[in-house]
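> I need the structure of the sequence given here:
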Amino acid sequence: MEIKILGTGCPNCKTLEKRVRKVVENNNVEAKITKVEDIADIMRYNIMSTPGLVVDEKVISKGRVPSEKEIIKLLKSPV
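Next up, the predicted model:
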């Protein structure tokens with residue numbers, strides 16, 4: 001699984017990255033996590049409001065910071 005955190009470094013973007021890393025580690029999810037900070041790269045995902053969460057090139061969350069429970073559910077949902 002490839003997970004991308006889209007955001008330029010705002011507090012919400014940093015919070016989302018920390019939560020995703022914690023969820024992946026605590027639930028033994030095999031994933032490669034990448035932080036995308038370049039605004040041009042972020043815009044390729046049609047994200048107008050960060051942070052964004054992308055799993056296997058599919059945007060699953062944007063413009064908010066999901067809870068850890070929600071992140072687990074999003075990661076386990078078929079993409």
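> Nearest spatial neighbour of V23, chain-adjacent residues omitted?
Distances taken as CB to CB, 6 or more residues apart in numbering place I71 nearest to V23, at 4.7 Å, with adjacent residues excluded. The C-beta positions use only the backbone N, C-alpha and C, and glycine is treated the same way.
> So the one you found is in contact with V20, correct?
Yes - using CB atoms under 8 Å, I71 makes contact with V20 at a distance of 6.0 Å.
> Overlap in contacts, these two.
Common neighbours of I71 and V20, using CB atoms under 8 Å, 6 or more residues apart in numbering, are L53.
> of these two, who's got more company?
V20 (27 against 23; other CB atoms under 10 Å).
> Next, the more buried one: phi, psi?
Backbone torsions of V20, given as degrees, to the nearest 10, read phi -60, psi -50.
> circling back: measure the residue nearest to V23 to A40 for me?
Computed as CB to CB, to the nearest Å, the I71 to A40 distance reads 26 Å.
> Tell me how far G7 lies from N27.
According to CB to CB, G7 stands 22 Å off from N27.
> Please say which of these two ends up with more neighbours.
G7 (25 against 13).
> give me every residue that touches that one.
By CB under 8 Å, 6+ apart, the neighbours of G7 are C13, K14, L16, E17, K35, V36, E37, I42, T50, P51, G52.
> Give me the most central residue, this protein.
The centroid of the chain falls nearest to L53 when counting by CA atoms, centre = their mean (2.7 Å).
> Great, nothing more from me.
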